[in-house]
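*Asks:* With the sequence up front, the predicted model follows.
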Amino acid sequence: MNSSSFGQRARKSLTCFVAAALSLLLPRDAHPQARASISLAEVLRLAATAPRVIAATSLAEAARARVPSAKLPPDPELQLGFMNRELPSLAPMDPLGMTQIQLMQMLPLGGKLRLSGRVAAYSADAASARAIEVRWDVRARAAMQFYDLYAAESQLTIARETKRLVQDIAKVAQSMYSVGEVRQADVLRAQVEVARMSEDITRMESMRAAMAAKLLATLNLPLTALPPSAERPAFPDSLPPLDDLTAEAEQKRPMIIAGEKDLASAEAGERLARKEMWPDLQVGVQYGWRAGEMGTEKMGSLMLGASIPVHARNRQSRMRDEAAAMKRMSAADLAAMRADTRGRIAELYADYTRARNLRALYRTTILPQAEATVTASFTSYRVGDVNLMTLIDNQMTVNRYRQELITLDAEQGKAIAELEMLLGRELFDPAGARRVAP
């Protein structure tokens, strides 16, 4: 067999390798079906029982349990006294010695108990709203980690396919070089590309493992609990208008509701602090008895008292100042939360729109044009008009666009997940593309 015949066979083998590899590298939206995957709906279901969610819910329950006691006066005091006893015998002294029982009750005046109950109730409402915010925050965090895992796994799949392609091309290039069909530089360049792809795959594998570990930690699952790949959900075609989302978030975001309840609690606390100047009434009854010449002698007493704010300047007045400052702080925090929410929603909506539009551009224009370039380069290479490295470079460009398409998918999903956290509701059904109405 002469060198020309061997070169033709090597070039034909290279053609078969490239054709098979190109069929594998056509862009597609789903993972290979041979690999088990986890869905976004399953991740969100697990996130609902994450430890942070349980802790926040328990904290809200504890705050709610304090409300009834805040509306009640202090517990009464019961005292048993042995009055005027001789020492050391403890016998009652005649005629003063007696035994007595005394019951005392403090009664706050001026509506203090009612205001105290309001403060506790509003604080409990705020804790409940924060627990809901934590649930949505954990949900959004898990969703974003899911999309990171999806992107890492999908890009790793593309990198492995590309490495197999370059390895096949490198083998055939080596065979062609041995008969003088290509230059040694082409062989070396192909080998460098194989090494570079191995480096990229190693880095991507580490990134994928890190993404999976973060997701498992958020869901409080062992490292072997989830399959290695994430299944991309079907995103909705559109979202509600930005103005509608902003208005809805300002009214319904759990953290804003919590801020409103904190402000209401601070306002009630300020009114309560102004009532602290009022004295608290103390009522008591006393019953005593002692042995007398005619039998047991019984006595009763009624006692009334009141607290005296002798340190009003440094106590009650300072309580008013503290309550007023807390009210101002709550109002400022609420205003800042609303402003941050408006700004973040606008930013996320822009990110979502950018990712959606770029994804459509990649799918309809950029990727088809890049694939057409590869096809043209492949045809030109078969007749010798294009060298091997041009073909490889064009294919690498297609792969880069495919990876960027995966990144846009992840960015679009992350924007939706955080928007859902800010709204406190789902924007789409994770099991399908149906948009969820408010």
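*Replies:* Looks like it arrived, so ask away.
*Asks:* Does M104 lie in a helix or a strand, and which?
*Replies:* strand 98-107 (DSSP states H and E).
*Asks:* Show me what the next helix or strand after that strand is packed up against.
*Replies:* Beyond strand 98-107 in the direction of the C-terminus, DSSP H and E gives the next helix or strand as helix 112-178. Packing partners of helix 112-178 (3 or more CB pairs under 8 Å, 6 or more residues apart in numbering; DSSP states H and E): helix 3-24, helix 40-47, helix 51-65, helix 67-70, helix 184-219, strand 229-230, helix 254-275, helix 388-423. Quick note: C-beta positions are derived from backbone N, CA and C, even for glycine.
*Asks:* Give me the pLDDT value at A20.
*Replies:* pLDDT for A20: 45.
*Asks:* hang on, I meant M211
*Replies:* 89.
*Asks:* same deal with the one 10 residues further on?
*Replies:* Listed pLDDT for L221 reads 86.
*Asks:* Counting neighbours, what do you get for the closest residue to it other than its chain neighbours?
*Replies:* Distance criterion CB to CB, 6 or more residues apart in numbering; nearest residue to L221, sequence neighbours excluded, is L46 at 7.1 Å. For L46, the neighbour count with other CB atoms under 10 Å is 19.
*Asks:* any weak-confidence spans in the stretch 301-438 of the chain?
*Replies:* Within the stretch 301-438 of the chain, the segments meeting pLDDT under 70 span 381-384, 432-438.
*Asks:* all strands of it, in order?
*Replies:* With DSSP state E, counting those that start in this stretch, there are no strands along the stretch 301-438 of the chain.
*Asks:* I figured R160 hits I201, correct?
*Replies:* Yes: R160 is within contact range of I201, at 6.2 Å (criterion: CB atoms under 8 Å).
*Asks:* Surely V194 touches L165?
*Replies:* No: contact criterion CB under 8 Å: V194 and L165 do not qualify, at 9.9 Å.
*Asks:* Among those two, which residue is more densely surrounded?
*Replies:* Counted by other CB under 10 Å, V194 and L165 do not tie: L165 has more neighbours, with 24 against 20.
*Asks:* Pretty sure the more buried one sits against M396.
*Replies:* No: judged on CB under 8 Å, L165 makes no contact with M396 at a distance of 9.7 Å.
*Asks:* Pop the domain breakdown of the chain in here.
*Replies:* Domains of the chain are assigned by automatic domain parsing as 3-73+108-277+312-423, 78-107+280-311.
*Asks:* Make JSON lines out of those domains and add distance to A431.
*Replies:* Formatted as JSON lines, the domains of the chain follow (distance: least, CB to CB, whole Å):
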{"stretch": "domain 3-73+108-277+312-423", "distance to A431": "5"}
{"stretch": "domain 78-107+280-311", "distance to A431": "59"}
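*Asks:* Tell me which of those is the most buried.
*Replies:* domain 3-73+108-277+312-423 (a mean of 17; mean count of other CB atoms under 10 Å).
*Asks:* wait, which of the helices and strands packed on helix 112-178 is closest to A372?
*Replies:* helix 388-423 (9.9 Å; CB to CB).
*Asks:* Specify the angle between that closest one and helix 184-219 in degrees.
*Replies:* 20 degrees (axes from the mean of the first three to the mean of the last three CA atoms, to 10 degrees).
*Asks:* which other helices and strands contact helix 388-423?
*Replies:* helix 3-24, helix 112-178, helix 184-219, helix 242-252, helix 316-361, helix 367-382.
*Asks:* List of residues touching stretch 319-326?
*Replies:* Identification of contacts with stretch 319-326 by CB atoms under 8 Å, 6 or more residues apart in numbering yields A266, G269, E270, L272, A273, R274, E276.
*Asks:* ok, the last one - contacts?
*Replies:* Going by CB under 8 Å, 6+ apart, E276 touches K112, P309, Q316, M319, R320.
*Asks:* cool, the fifth one as well?
*Replies:* Shown here is A273, whose contacts under the criterion CB under 8 Å, 6+ apart are Q316, M319, R320, E322, A323, A324.
*Asks:* what about it, distance to L113?
*Replies:* Taking CB to CB, to the nearest Å as the measure, A273 falls 15 Å from L113.
*Asks:* just the CA coordinates of stretch 252-260, formatted as CSV?
*Replies:* As requested, the backbone C-alpha atoms of stretch 252-260 are provided in CSV (Å, rounded to 0.1, in the frame of the first residue of the first chain):
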residue,chain,number,x,y,z
LYS,A,252,-47.2,40.9,49.5
ARG,A,253,-43.5,40.2,50.1
PRO,A,254,-43.3,38.5,53.5
MET,A,255,-40.3,40.6,54.6
ILE,A,256,-42.2,43.8,53.9
ILE,A,257,-45.3,42.4,55.7
ALA,A,258,-42.9,41.7,58.7
GLY,A,259,-41.7,45.3,58.5
GLU,A,260,-45.2,46.6,58.6
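*Asks:* so how far is it from its chain's centroid?
*Replies:* Distance of stretch 252-260 from the chain centroid (CA atoms, centre = their mean, to the nearest Å) equals 16 Å.
*Asks:* So A212 sits against L149, correct?
*Replies:* Yes: at 5.7 Å, A212 and L149 qualify as touching, with contact defined as CB under 8 Å.
*Asks:* okay, and the common contacts of those two?
*Replies:* By CB under 8 Å, 6+ apart, no residue touches both A212 and L149.
*Asks:* Not counting its neighbours along the chain, what's nearest S123?
*Replies:* In space, S123 is closest to S265, 4.9 Å off (CB to CB, 6+ apart).
*Asks:* list the contacts for the one you found?
*Replies:* R118, V119, Y122, S123, A126, S330.
*Asks:* ok, now with 6 Å
*Replies:* V119, Y122, S123 (CB atoms under 6 Å, 6 or more residues apart in numbering).
*Asks:* how about TSV for the residues you listed, with distance to L422 and pLDDT added?
*Replies:* As requested, those are exported to TSV (distance: CB to CB, whole Å; pLDDT from 0 to 100):
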residue	distance to L422	pLDDT
V119	28	95
Y122	23	96
S123	23	96
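*Asks:* ok, back up a step: for T57, see how far away the residue nearest to S123 is.
*Replies:* For S265 relative to T57 (CB to CB), the value is 20 Å.
*Asks:* same thing with K261?
*Replies:* With CB to CB as the criterion, K261 and T57 are 16 Å apart.
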